[in-house]
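Chemist: Below are the sequence and a predicted model; questions follow.
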Amino acid sequence: MAASSAAESKDRVINLDHGDPTAYESFWRESGEGAYLKIEGWENMSYFSDRNNLCWFLLPVFETEIRRIHRIVGNATADESRHIVIGNGSSQLFQAALFALSTQPGLTGTSGPMPVVSAAPYYSGYPAAADFLKSTLYKWGGDANTFTPHPSTPHNEAICSPNNPDGRLNNPVLLNQNSNNIHDLAYYWPQYTPITKAADHDIMLFTISKCTGHAGCRLGWALVKDADLARRMVKFVELGTIGVSKDSQHRAAAILRAVSNGYESGGACKLFHFGRKMMAERWERVREVVKAKGAFGLLEYPPPSYCGFLREEATHLPAFAWLKYEGNQDIEDIASYLKTEHSIEARGGRNFGTTDKYVRISLLERQKTFDVFIERLSSIS
Ligand code: PMP
């Protein structure tokens with residue numbers, strides 16, 4: 001590297017705060033021909049995609065590819081027994097699910113907004129989404145581990161598995177009849193974790209953002225068992241954005257089709273293998289530095305399991321490194337320290353319902369940024 005660019009990169013703040021999946025860009029540059037899409041000026045003009053579908057703005061081609069990729073990967077039941085509701089990212093669908101669950105018939109007489117909980121450390125998007133609108137229907141209720149359910153008031157539990165931020169495989173904490181579970185399976189794809197079974201929950205959320213890296217498409221989907229609940233989720237998306245971009249759906253369908261073809265028709269597009277290799281290399285380097293320097297601790301992940309998709313034992317390779325500061329310096333807020341002293345921007349533990357001794361670092365950034373991160377992490381002892 002030339003001296004001047006080394007100096008530049010030394011001062012540049014690297015942003016590993018968001019889980020922005022730009023790491024996949026290099027894959028799509030090289031292997032993405034099958035995802036090429038041409039849209040004519042006259043196409044996709046109507047609001048409607050399929051008036052006969054419960055989710056009237058869902059394009060049949062996108063629906064086909066969603067069901068197909070789940071069948072190929074085996075990570076979720078997505079046959080005709082499930083209704084598909086799409087949203088502008090799974091972020092919109094999380095809100096839609098909260099709306100749908102808190103407006104179920106027969107809920108009258110329960111007191112106050114329905115609590116929304118999740119086991120800490122939980123995805124920082126959940127409290128924000130639950131409280132942003134100061135809804136009278138639902139509100140953030142905190143850590144599911146310390147939450148005491150009301151005997152007659154239902155609550156909603158968000159279960160993220162593999163978990164953002166720490167990669168753990170989570171199950172519901174609150175097991176009683178007042179629990180509505182929203183299973184956020186954004187990271188239940190073979191590059192991050194072995195696929196051990198087809199998830200079969202009442203409400204499951206997925207997003208193209210973490211599956212293929214196309215966060216800019218803003219497309220998520222929910223697999224929903226109950227038709228009435230699905231209908232209310234559709235209503236929420238209808239009222240907020242009158243559906244979801246058809247251009248985006250065509251693009252997402254083309255992307256998913258390219259991935260599925262890569263596995264079903266022997267195409268070149270082996271996305272999950274690329275993702276696994278990349279994540280394995282990145283984790284090896286993170287572990288190496290963490291072990292050598294001793295300033296940070298990492299969680300122990302479950303042992304490798306048999307992955308039905310890969311047909312071999314596979315390790316857990318979470319999308320984030322969840323680091324705990326264990327060094328000798330008196331540092332309470334490790335995210336601030338990383339930013340001011342090492343120009344690494346990352347998200348502090350407080351955002352996830354725990355302490356700022358923890359920090360979440362995205363491992364999904366472009367290779368150059370990841371390399372700079374490793375270089376900087378190596379200088380902390
Ligand atoms: N759930 C989890 C656990 C996430 O990490 C994210 C993105 N950071 C989302 C949902 C939202 O994804 P999107 O809105 O891009 O579909």
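Modeler: Structure's in. What do you need?

Chemist: now the closest residue to the ligand within the stretch 201-350 of the chain, which residues is it bridged with?
Modeler: The minimum distance from the stretch 201-350 of the chain to the ligand, using CB to the nearest ligand atom, falls at residue 207 (3.1 Å). For glycine as for every other residue, the C-beta is placed from the backbone atoms N, C-alpha and C. Counting by DSSP bridges, residue 207 forms beta bridges with residue 220.

Chemist: wait, isn't it in contact with residue 186?
Modeler: Yes: applying CB atoms under 8 Å, one finds residue 207 in contact with residue 186, separated by 5.0 Å.

Chemist: got a pLDDT number for the residue of the stretch 201-350 of the chain closest to the ligand?
Modeler: In the predicted model, residue 207 carries a pLDDT score of 98.

Chemist: how many other residues sit next to it?
Modeler: By other CB atoms under 10 Å, 24 other residues sit near residue 207.

Chemist: residues contacting it?
Modeler: Residue 207 is in contact with 89, 90, 186, 215, 219, 220, 221, counting by CB atoms under 8 Å, 6 or more residues apart in numbering.

Chemist: any low-confidence regions in the stretch 51-200 of the chain?
Modeler: 108-110 (pLDDT under 70).

Chemist: at 90 what do you get?
Modeler: 105-112, 149-153, 175-179 (pLDDT under 90).

Chemist: What parts of it come near the ligand?
Modeler: 89, 90, 91, 123, 125, 160, 164, 184, 186 (CB under 6 Å from any ligand atom).

Chemist: Need the max-distance pair from these.
Modeler: Using CB to CB, the pair of these lying farthest apart is 89 and 160, separated by 14.9 Å.

Chemist: And the two? Which one has more around it.
Modeler: residue 160 (26 against 19).

Chemist: Now that one: phi and psi?
Modeler: Here is the backbone geometry of residue 160 (degrees, to the nearest 10): phi -110, psi 120.

Chemist: OK, contacts around it?
Modeler: Contacts of residue 160 by CB under 8 Å, 6+ apart are 118, 122, 123, 170, 184, 186, 187.

Chemist: which of those residues tops the neighbour count?
Modeler: Busiest of the contacts of residue 160 [other CB under 10 Å] is residue 118, holding 30 neighbours.

Chemist: which other residues reach stretch 128-142?
Modeler: Contacts for stretch 128-142 (CB under 8 Å, 6+ apart): 91, 94-95, 98-99, 101-103, 112-117, 120, 126-127, 147, 155-156, 353.
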